[in-house]
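Novice: A predicted structure for the sequence below; I have some questions about it.
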Amino acid sequence: MRFTLPRDLYHGKDALDALKTLTGKKAIVVVGGGSMKRFGFLDKVVDNLKEAGMEVQLFEGVEPDPSVETVMKGAKAMTEFGPDWIVAIGGGSPIDAAKAMWAFYEYPDVTFDDLCIPFNFPTLRTKAHFCAISSTSGTATEVTAFSVITDYAKGIKYPLADFNITPDVAIVDPALCETMPKKLTAHTGMDAMTHAIEAYVSTLHCEYTDPLALHAIELIKEHLVPSYNGDMAARDKMHDAQCLAGMAFSNALLGIVHSMAHKTGAAYSGGHIVHGCANAMYLPKVIQFNAKEPEAAKRYAAIARFVHLEGNTDQELTASLIKMIQEMNAKLDIPTCIRDYEGGIIDENEFMEKLPKVAELAVGDACTGSNPRTIVPAQMEQLLKSCYYDEEVDF
């Protein structure tokens, strides 16, 4: 088994100043839509890199759920500039996009189809090292071996997976996450909760990932709702919690909550289902499904016991865990099902029409292999329907 983390992780107040210690000649900074610039963090990054003696170029405007086209555009900019550091700052989107750009920068002839095969990346760091600076408390992509890129033409999100794309340096500075809007705080926080729970019950969990996952769950249970309600000390704690959850799932992998979120996210004409919100809606249903597997039920019960929930049997403890997640969702204004998402933007007829294909793609997703209970497309259809209508899972 393998356990991989960034070589260096700088965390806490003023962690951003660690950029001054990087050595190199040129750095390209990949960033999203403008909040990092608006709050002055982008200028600070550029100033710190210049203080480290580097020439700096910006690649701005990475969209939420970054596209294949943006990745190729960024790789072209890198090829023209020739950086020896790629620095990505923002939420999951710019960091994920930069990871994929990195592969195409170092290997211009590699194809996107090649990279979609899990753990099939070529050896990176032949041209550049990678530094990730997270501004949201959810994806933990600053410490993970994953990147999610969307092919809008096909309406599919591809999770790319390879330890090669685990960043060299991660910066977890709480000042950045304090600027998150309320809804983003809720969605990214439940994304982190899903990461930790799925990592703990994954078939690839181990002695190294379990404590990280459990402590992350404990911190998120305690601090996410206060963070959502504007408590900045709790917001800072969430920034650490999501990073711990990332360390766990990057090495233990995930499960079908993520498979479903990946394949429903961009599938419908009414609009995107935001990733963290999808995870929050699907997680209680998936726990019900997985807990039919005795070993998984034991693991869910262990989580419940660790965070002091009520119950004696595995079944009672698992029910308490589900209830805890549902209560958190309610306090975070997250809907219970797809039908109620954003006032009903996902049309029922379109959902049912696309259900067999979406279910088949979800079963084939890279995250399905480490789920604690096996699933076939017919069961996935039932599970997705349960998530659409908020129905009990009893199969």
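Specialist: Great, that's in hand.

Novice: wait, what's in contact with residue 49?
Specialist: 19, 22, 27, 29, 56, 85, 87 (CB atoms under 8 Å, 6 or more residues apart in numbering). Backbone N, C-alpha and C define where each C-beta goes, glycine included.

Novice: please narrow the residues you listed to those residing in strands.
Specialist: 27, 29, 56, 85, 87 (DSSP state E).

Novice: and which of the residues you listed is nearest residue 46?
Specialist: Among the ones in strands among the contacts of residue 49, residue 56 lies closest to residue 46 (CB to CB), at 5.1 Å.

Novice: now the buried members of the ones in strands among the contacts of residue 49.
Specialist: Among the ones in strands among the contacts of residue 49, the ones that count as buried by 16 or more other CB atoms under 10 Å are 27, 29, 56, 85, 87.

Novice: from residue 66, how far out is residue 186?
Specialist: Taking CB to CB, to the nearest Å as the measure, residue 186 falls 22 Å from residue 66.

Novice: measure the residue lying closest to residue 4 once chain neighbours are set aside to residue 249 for me?
Specialist: Spatial nearest neighbour of residue 4, excluding adjacent residues (CB to CB, 6 or more residues apart in numbering): residue 163 at 4.7 Å. Distance, residue 163 to residue 249, by CB to CB: 13 Å.

Novice: you'd agree residue 19 is up against residue 48?
Specialist: Yes. Applying CB atoms under 8 Å as the test, residue 19 and residue 48 come out as touching, 3.7 Å apart.

Novice: quick check, pLDDT for the closest residue to residue 201 other than its chain neighbours.
Specialist: Nearest residue to residue 201 in three dimensions, chain neighbours excluded: residue 299, at 4.3 Å (CB to CB, 6+ apart). Residue 299 carries a pLDDT score of 98 in this model.

Novice: would you agree residue 299 falls within a strand?
Specialist: No. Residue 299: not assigned to a strand; according to DSSP: H, G, I helix; E, B strand; the rest coil it is helix.

Novice: how far off centre is stretch 214-231?
Specialist: Remark: stretch 214-231 is offset 17 Å from the chain centroid, using CA atoms, centre = their mean, to the nearest Å.

Novice: change the start of the numbering to 78 and stick with it
Specialist: Renumbered: residue one is now 78, and that last one reads stretch 291-308.

Novice: gap between stretch 157-170 and the chain center?
Specialist: 18 Å.
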